[in-house]
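Asks: generate a structure from the sequence data that follows.
(chains A, B and C)
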Amino acid sequence: MHQVALESNALFIGIEYLATFICGLSGGLAAIHKRYDLFSILVLAWVTALGGGITRDLLLGVSPVGITDKGFVLAALISGIIVAVVHPEIDHLKWSMITTDALALGLFAVNGTAKALAYHSSGMTAVFLGMFTALAGGTIRDILLNEVPSILRDKHLYAVPSFVGCLLTVFAARATDRWNLGLNGEMTLDIIVVIVVFVLRMLSVKFNITLPGAVERRHT
Amino acid sequence: MHQVALESNALFIGIEYLATFICGLSGGLAAIHKRYDLFSILVLAWVTALGGGITRDLLLGVSPVGITDKGFVLAALISGIIVAVVHPEIDHLKWSMITTDALALGLFAVNGTAKALAYHSSGMTAVFLGMFTALAGGTIRDILLNEVPSILRDKHLYAVPSFVGCLLTVFAARATDRWNLGLNGEMTLDIIVVIVVFVLRMLSVKFNITLPGAVERRHT
Amino acid sequence: MHQVALESNALFIGIEYLATFICGLSGGLAAIHKRYDLFSILVLAWVTALGGGITRDLLLGVSPVGITDKGFVLAALISGIIVAVVHPEIDHLKWSMITTDALALGLFAVNGTAKALAYHSSGMTAVFLGMFTALAGGTIRDILLNEVPSILRDKHLYAVPSFVGCLLTVFAARATDRWNLGLNGEMTLDIIVVIVVFVLRMLSVKFNITLPGAVERRHT
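Replies: Predicted coordinates:
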């Protein structure tokens, strides 16, 4: 059970709360920029933080933690309340937000993939579910705000690092099984994966690395 | 089983059909204002009336009544056909629509929360599912029409009364269990909750009561 | 088990792959027209091709093939890669795209309805699920692109042929059971249904056949 590596450990649990909190801040901030009311701020904080996990759980056929787990719901709502007060400060922290957002991207990718594997999904399905966990919350936020989702619009690598992270998480789980790395071994590998996702995303934003589009050809 | 209070009673069943019918009218009307064809009118009537319940049932992991219950599907589609004919009259009934819409908001909040409790959801989860039942249909309608959903856009209290209603429905169910109020007691409480939601919503529209947004602060 | 008729037969399986591939091309093309990057092209190809089936499977409560079946996922992703290269040619094939799209509409309608019946859905529920299979992929694509979905926007008959196809598929399954038509009988009927959907759609585009909207009345 790979889930064990993530759920039995205080470090990982703390980190998951951090990811929820960070995504909640970014969702609440989007609502504040549109001058919505307090309730809408809470709605967007909640959906951005937990919408990805809800999508994953729906597709897995399990009870969605985004509406059943009191701790995560509280973390998301508290982030909404906090951002409603300290938004001027957060607006000034552009790079901090990009940094923490990149961290959340990695954390949710590893977390979603590991949960899918724990429910005996195949590697491919686990990669899909990891990516949903990392990307669906922000996508639902953007759909509600009537904007094209970041996953399509962001010119920098955004979905690609999460894809790489999900793939590496599957490899880490397979390696743990094959070579009996144990809980500490898997945890170490998972932390490395989070760092890889984080670094990929940050390098892409910093050095303006983008994917090519369709092949440009003159039609004859 | 709290569901019993809602489903065993002709009054409540009649009221639920009414709520479905009202939401169907409002969905169909939105399609007519965009000059869509008859099929799109039916699609929007159906999704507005039953999309909330479908979302609730998906999250609960039960068979979605919005595609399985012939009575509710018929009620939604008939509302679409009727509004395609009598839309000029309904356009003149602005206050009647706001009134009936507020009634539907209360009815669906109580209904969704009670169904979630009947399936042994926790209080918090039941509140979420009640709110999804009351708000998701209109949200899906607005997403399909490529507009920011009312739940975010409406300046008056819209989501807040439904939240209060869901919370009170949980308390009503708890009170029924603790003090053995029986079917009639719970029904009375549920009717009071519907009235509370209705009055909150109407007062908010009538007297322009709104929630504050984020705290306004000059950044120093 | 009506599913048998569709799944046990090489012709039908080949045809389903073809429908997935065609929808993938149309999704990828939409991303290319918006000048999105390669990853977004793949996302839109995948969601357009398999989003309908995922919606159907979620509502049916079964494991969604769009993230579990390697063959269909590969077909969708390959269509995205191909369209990223040959998009100028495909842009010149407007009628070919409308034609193949109409074919996919019929194939997915029959396929979704038959799968729902195989899982013991009622006729009405099977019609809903067939229509979701045929229409939800394109609808999700349009929502992600921040456009009003074709199902509402397209002036020609688009949802109506799929509705007729789903209804006829239910009748075909009922007829197969009642008169013991066997696998070949049902397959023949299903192929006829696909042709009916295809012809209805093509006639509507070719001869500009549309549904009326709401009844136009002067309000007195």
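Asks: give the contact list for the most centrally placed residue in chain A.
Replies: Nearest residue to the geometric centre of chain A (C-alpha atoms, centre = their mean): A:Ala134, 2.9 Å. Counting by C-beta atoms under 8 Å, 6 or more residues apart in numbering or on different chains, A:Ala134 touches A:52, A:105-106, A:108-109, A:112, A:162, A:165-166. The way it works is simple: take the backbone N, C-alpha and C, and place the C-beta from them, glycine included.
Asks: how about stretch A:116-130 against chain B, any contact?
Replies: No. Remark: stretch A:116-130 sits outside contact range of chain B, by C-beta under 8 Å from any C-beta of the partner chain, the gap being at least 14.2 Å.
Asks: same question for that stretch, mean pLDDT?
Replies: Stretch A:116-130 shows an average pLDDT of 92 in the prediction.
Asks: re earlier: which one of the contacts of A:Ala134 is nearest chain B?
Replies: When the contacts of A:Ala134 are compared for distance to chain B (C-beta to the nearest C-beta), A:Gly52 wins out at 14.7 Å.
Asks: which strand or helix spans that closest one?
Replies: Taking DSSP states H and E as the definition, one finds A:Gly52 inside helix A:38-60.
Asks: which strands and helices sit next to whichever helix or strand comes after that helix?
Replies: Scanning forward in sequence from helix A:38-60 by DSSP H and E, the next helix or strand is helix A:65-68. The contact analysis (3 or more C-beta pairs under 8 Å, 6 or more residues apart in numbering or on different chains; DSSP states H and E) places helix A:65-68 against helix A:38-60, helix A:70-91, helix B:123-144.
Asks: of those, which is nearest C:Gly24?
Replies: Smallest distance to C:Gly24 across the helices and strands packed on helix A:65-68 (C-beta to C-beta): 19.7 Å, for helix A:38-60.
Asks: quick one: mean pLDDT for that closest one?
Replies: In this model, helix A:38-60 carries a mean pLDDT of 94.
Asks: low pLDDT regions in chain A?
Replies: Across chain A, residues meeting the criterion (pLDDT under 70) sit at A:1-12, A:218-220.
Asks: give me every residue in it lying close to chain C.
Replies: Applying C-beta under 8 Å from any C-beta, we find that chain A lies next to chain C at A:58-59, A:61, A:121-122, A:124-125, A:128-129, A:139, A:143, A:146-149, A:151-153, A:155, A:159-160, A:163, A:210-215, A:217-219.
Asks: at 6 Å what do you get?
Replies: Neighbours of chain C within chain A, by C-beta under 6 Å from any C-beta of the partner chain: A:59, A:125, A:128, A:148-149, A:152, A:159-160, A:211-215, A:217, A:219.
Asks: and stretch A:151-169, end to end?
Replies: The first residue of stretch A:151-169 is 21 Å away from its last residue (C-alpha to C-alpha, to the nearest Å).
Asks: make that stretch A:117-128, sorry
Replies: Terminal residues of stretch A:117-128 lie 11 Å apart, using C-alpha to C-alpha.
Asks: can you tell if stretch A:138-147 touches chain B?
Replies: Yes. Taking C-beta under 6 Å from any C-beta as the criterion, stretch A:138-147 and chain B are in contact, through A:Asn146.
Asks: can you give me how far that stretch is from the chain middle?
Replies: With C-alpha atoms, centre = their mean, to the nearest Å as the basis, stretch A:138-147 stands 15 Å off its chain's centre.
Asks: for stretch A:209-220, same thing?
Replies: How far stretch A:209-220 lies from its chain's middle: 29 Å, per C-alpha atoms, centre = their mean.
Asks: quick one on the thing from earlier: compile the contacts of A:Ala134 into JSON lines and extend it with columns for distance to A:Tyr17 and secondary structure.
Replies: Converted to JSON lines, those look like this (distance: C-beta to C-beta, whole Å; DSSP: H, G, I helix; E, B strand; the rest coil):
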{"residue": "A:Gly52", "distance to A:Tyr17": "15", "secondary structure": "helix"}
{"residue": "A:Leu105", "distance to A:Tyr17": "16", "secondary structure": "helix"}
{"residue": "A:Gly106", "distance to A:Tyr17": "15", "secondary structure": "helix"}
{"residue": "A:Phe108", "distance to A:Tyr17": "12", "secondary structure": "helix"}
{"residue": "A:Ala109", "distance to A:Tyr17": "16", "secondary structure": "helix"}
{"residue": "A:Gly112", "distance to A:Tyr17": "15", "secondary structure": "helix"}
{"residue": "A:Ser162", "distance to A:Tyr17": "19", "secondary structure": "helix"}
{"residue": "A:Gly165", "distance to A:Tyr17": "19", "secondary structure": "helix"}
{"residue": "A:Cys166", "distance to A:Tyr17": "21", "secondary structure": "helix"}
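Asks: ok, those residues vs B:Ser26, which is closest?
Replies: Set against B:Ser26, the nearest of those by C-beta to C-beta is A:Gly52 (30.6 Å).
Asks: OK, contacts around the nearest residue to that closest one once chain neighbours are set aside?
Replies: Leaving aside its sequence neighbours, A:Gly52 sits nearest to A:Gly137 (C-beta to C-beta, 6 or more residues apart in numbering or on different chains; 3.8 Å). Residues in contact with A:Gly137 (C-beta atoms under 6 Å, 6 or more residues apart in numbering or on different chains) are A:23, A:48, A:51-52.
Asks: what's the helix or strand encompassing A:Pro161 packed up against?
Replies: Assigned by DSSP H and E, A:Pro161 belongs to helix A:159-178. With contacts taken as 3 or more C-beta pairs under 6 Å, 6 or more residues apart in numbering or on different chains; DSSP states H and E, helix A:159-178 sits against helix A:94-118, helix A:123-144, helix A:182-206.
Asks: repeat that for 7 Å
Replies: If contacts are counted by 3 or more C-beta pairs under 7 Å, 6 or more residues apart in numbering or on different chains; DSSP states H and E, helix A:159-178 sits against helix A:94-118, helix A:123-144, helix A:182-206, helix C:38-60.
Asks: out of the ones you listed, which is closest to B:Ser79?
Replies: Evaluated over those, closeness to B:Ser79 peaks at helix C:38-60, with 21.9 Å, by C-beta to C-beta.
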